[in-house]
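Peer 1: Just a sequence and a predicted model for now, questions to come.
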Amino acid sequence: MKRGFLLAALVFAACTGRAAPSVAPPDTTAASSSSLATATSTASEPVEPSPGEAGLGDSLYPQLGNGGYDIEHYALDLDFADGVLIGTARLTLRATEPLSSFYLDFSGLDVSSVSVDEQPAAFETAKELLIRPARPLTAGRVASVRIDYEGTPGAVVNFAGRFPVGWHESLDGWFALSEPGGAERWFPSNNHPSDKATFSMRITVPDGLVAVSSGVLEGTESIDGQVTYLWELDDPAAPYLVALAIGDFERREDESAGGVPIVNYFDSDLDVADLSIFDRQPEMIDFFAGLFGPYPFNEYGALVLDTVQAPAALETQTRSTFGTQILVLGEPVVAHELGHQWFGDSVSVADWGDIWLNEGFATYAQWLWTEHSGGPAALAAEVVAGYKTMAGASLIESTGSEAAAYELARASFPPPGSPSADDLFSQSVYVRGGLTLHALRLELGDRRFFELLESWATDHRHGNATTRDFLDLVGLAGGAEARGLMEAWLFSPDLPPIDELNLRPPS
Ligand code: TRP
Ligand code: ZN
């Protein structure tokens with residue numbers, strides 16, 4: 001196997017010597033190679049403690065995440081009443097290099113005190129929270145960092161383009177959405193998908209309100225007109241994937257035939273008819289588990305908000321969050337967010353530039369559900385429609401010709417493997433990302449394609465993966481030709497043809 005892959009890689013390298021350089025994958029390994037360099041230098045000689053970086057070297061968002069440590073666990077104690085959030089965050093953090101100071105992604109709330117291993121620590125707040133422990137942290141050392149804070153949380157300008165992020169008011173409460181930024185508005189974190197951790201949350205709200213989060217509800221405690229919800233997330237999660245909503249919710253329990261517990265929280269003002277799109281979630285979970293391997297977490301559910309502020313859905317871990325207006329999309333959006341639990345939540349990107357690994361896979365999962373429930377013709381219709389959109393179908397009226405529309409489409413839909421930082425969730429990442437996987441299926445045939453999907457979900461379960469890892473896997477399964485095809489779909493400005501469906505860009 002190894003040899004076959006090496007050979008494939010060499011053949012590909014030889015080809016790129018002649019081919020257009022635009023199809024070469026960008027190097028998104030900066031973050032991991034810098035931590036490697038650190039590990040080697042600490043091994044050889046003692047290094048003076050130095051300040052940790054304020055970013056992790058993400059190719060699109062260098063400010064996200066922080067250098068010098070990994071977080072293992074977050075214990076968040078949040079008290080929310082009268083629009084004010086009072087929080088205590090206890091972070092279990094392991095230094096990966098000797099640190100005189102380090103950053104956390106946190107802004108917009110007032111920090112009253114910080115301690116490291118129970119010793120008061122100096123701190124500064126500007127764009128991020130800078131913490132200077134009384135004594136430097138040695139490499140490998142596990143420290144317990146406590147941050148006390150308070151304030152009125154708010155929304156964040158979404159530097160990634162579409163979608164509302166940060167803290168929002170719903171019609172009967174509040175909610176947070178955080179991809180890729182936004183978590184910093186309600187708890188301090190190492191906000192990058194490459195640092196996943198477990199979470200324990202105690203969320204206290206006035207009686208009559210319900211606090212919903214990710215994981216399993218371990219219990220509630222009622223004291224003095226307030227109720228505390230204890231949520232436990234036992235599998236590692238990226239900070240942006242932690243759900244939070246406070247409001248008037250009804251809890252509905254179910255279970256898939258395969259034994260996955262399903263716990264939905266539906267806002268009680270919603271129309272029951274609109275919620276019927278969630279009826280087949282148990283069936284969907286078992287269908288996806290059959291294709292991608294066992295559901296990666298111990299519980300699933302939908303968290304459906306009553307709000308006009310978020311016409312969107314987000315794959316928050318174990319419990320996807322849905323805005324009210326997105327429900328019109330029906331079962332496909334339910335399948336899409338569920339698909340993300342394997343692709344995005346369990347297998348997470350190591351760099352935001354690889355976002356198609358989340359959105360392209362979730363889109364294809366959604367199409368697989370369409371195929372399962374509507375037959376092969378329903379899938380083909382989806383693929384044809386998607387292809388036409390990518391080729392500029394919606395732009396023909398304004399441009400006057402198919403060819404001119406395609407020119408414009410090429411400019412407005414960058415290839416999914418190289419999204420732009422200010423438009424992370426461009427249609428291309430979803431639609432051409434999904435088409436990329438369909439093209440791979442046609443190339444490999446169903447048996448090898450579905451084996452590959454399952455290997456992908458299994459090999460990187462609860463971890464991180466890169467586009468390069470994907471291309472390597474494709475090379476192993478289908479050789480240099482399959483790998484080259486994927487590179488064209490992911491990186492070439494031109495839309496590759498799909499001969500099986502008679503699809504090619506206008507010339
Ligand atoms: N990942 C979401 C999806 O399923 C889209 C999304 C990205 C989003 N950022 C968001 C939704 C912020 C709500 C808020 O496609
Ligand atoms: Zn998605």
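Peer 2: That came through, no problem. Numbering: from 1, shown residues only. Ligands and ions are numbered 1, 2, ... in the order given.
Peer 1: looking at the sheet around the closest residue to residue 300 other than its chain neighbours, what are its partners?
Peer 2: Distances taken as Cβ to Cβ, 6 or more residues apart in numbering put residue 262 closest to residue 300, at 5.5 Å, once the chain neighbours are dropped. In short, each C-beta sits where N, CA and C put it, glycine included. On the basis of DSSP bridges, residue 262 is bridged to residue 254, residue 300.
Peer 1: Might one say that residue 262 is in contact with residue 298?
Peer 2: No. Applying Cβ atoms under 8 Å as the test, residue 262 and residue 298 come out as separate, 11.4 Å apart.
Peer 1: How about the residue in the stretch 101-250 of the chain that ligand 2 sits nearest to: what's its closest non-neighbour residue?
Peer 2: The stretch 101-250 of the chain approaches ligand 2 most closely through residue 179 (9.0 Å), counting by Cβ to the ion. Spatially, and ignoring its direct neighbours in sequence, residue 179 is nearest to residue 240 (4.7 Å; Cβ to Cβ, 6+ apart).
Peer 1: Residue 465 bridge partners, please.
Peer 2: residue 349.
Peer 1: If you count surrounding residues, which of residue 262 and residue 298 has more?
Peer 2: A direct count of neighbours by other Cβ atoms under 10 Å for residue 262 and residue 298 places residue 262 higher, at 18 against 14.
Peer 1: And this protein, what are its domain boundaries?
Peer 2: 3-31+350-501, 66-247 (automatic domain parsing).
Peer 1: Nearest approach to ligand 1 belongs to which of the ones you listed?
Peer 2: Among these, the nearest to ligand 1 by Cβ to the nearest ligand atom is domain 66-247 (3.5 Å).
Peer 1: chain center to that closest one: distance?
Peer 2: Between the centre of domain 66-247 and the centre of its host chain there is 17 Å, according to Cα atoms, centre = their mean, to the nearest Å.
Peer 1: same thing with stretch 444-460?
Peer 2: With Cα atoms, centre = their mean, you get 20 Å for stretch 444-460.
Peer 1: residues making contact with it?
Peer 2: Residues outside stretch 444-460 that contact it (Cβ atoms under 8 Å, 6 or more residues apart in numbering): 291-293, 296, 342-343, 346-347, 440-441, 465, 469-470, 473-474, 477-478, 482.
Peer 1: Now for residue 391: which residues touch it?
Peer 2: 402, 405, 406, 409, 495, 503, 505, 506.
Peer 1: Closest one of those to residue 276?
Peer 2: Ranked by distance to residue 276 (Cβ to Cβ), the contacts of residue 391 are led by residue 503 at 33.9 Å.
Peer 1: Tally up the residues packed near the closest one, please.
Peer 2: The burial count for residue 503: 19, using other Cβ under 10 Å.
Peer 1: Just confirm it contacts residue 384, I think it does.
Peer 2: Yes. With contact defined as Cβ under 8 Å, residue 503 and residue 384 form a contacting pair (6.7 Å).
Peer 1: Which residue, other than its chain neighbours, is closest to the most centrally placed residue in the chain?
Peer 2: By Cα atoms, centre = their mean, the chain has its centre lying nearest to residue 344, at 4.5 Å. Nearest residue to residue 344, sequence neighbours excluded (Cβ to Cβ, 6+ apart): residue 358, at 3.7 Å.
Peer 1: Over to residue 127?
Peer 2: Per Cβ to Cβ, 6+ apart, closest to residue 127 is residue 107, 6.2 Å.
Peer 1: next one: residue 173
Peer 2: residue 247 (2.9 Å).
Peer 1: do residue 467 as well
Peer 2: residue 354 (4.8 Å).
Peer 1: that older thread, which of the contacts of stretch 444-460 are buried? Put it as a PyMOL command.
Peer 2: Per 16 or more other Cβ atoms under 10 Å, the buried members of those correspond to this PyMOL selection:
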select buried, resi 291+292+293+296+342+343+346+347+440+441+465+469+470+473+474+477+478+482
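Peer 1: So which of the contacts of stretch 444-460 belong to strands?
Peer 2: 347, 465 (DSSP state E).
Peer 1: Could you list which of the contacts of stretch 444-460 belong to helices?
Peer 2: The helices, defined by DSSP state H, take in 291, 292, 342, 440, 441, 469, 470, 473, 474, 477, 478, 482 from the contacts of stretch 444-460.
Peer 1: Can you classify residue 108 as helix, strand or coil?
Peer 2: coil (DSSP: H, G, I helix; E, B strand; the rest coil).
Peer 1: right, and it touches residue 183 too?
Peer 2: No. Assessed by Cβ under 8 Å, residue 108 is found out of contact with residue 183, at 11.3 Å.
Peer 1: With neighbour numbers in mind, choose between these two.
Peer 2: residue 183 (28 against 17).
Peer 1: what's the more buried one in contact with, if anything?
Peer 2: If you count contacts by Cβ under 8 Å, 6+ apart, residue 183 has them with 105, 176, 189, 191, 239, 240, 242.
Peer 1: Tell me how far the nearest residue to residue 261 once chain neighbours are set aside lies from residue 264.
Peer 2: Using Cβ to Cβ, 6+ apart and skipping the chain neighbours, the partner closest in space to residue 261 is residue 299 (4.9 Å). Residue 299 sits 11 Å away from residue 264, taking Cβ to Cβ, to the nearest Å as the criterion.
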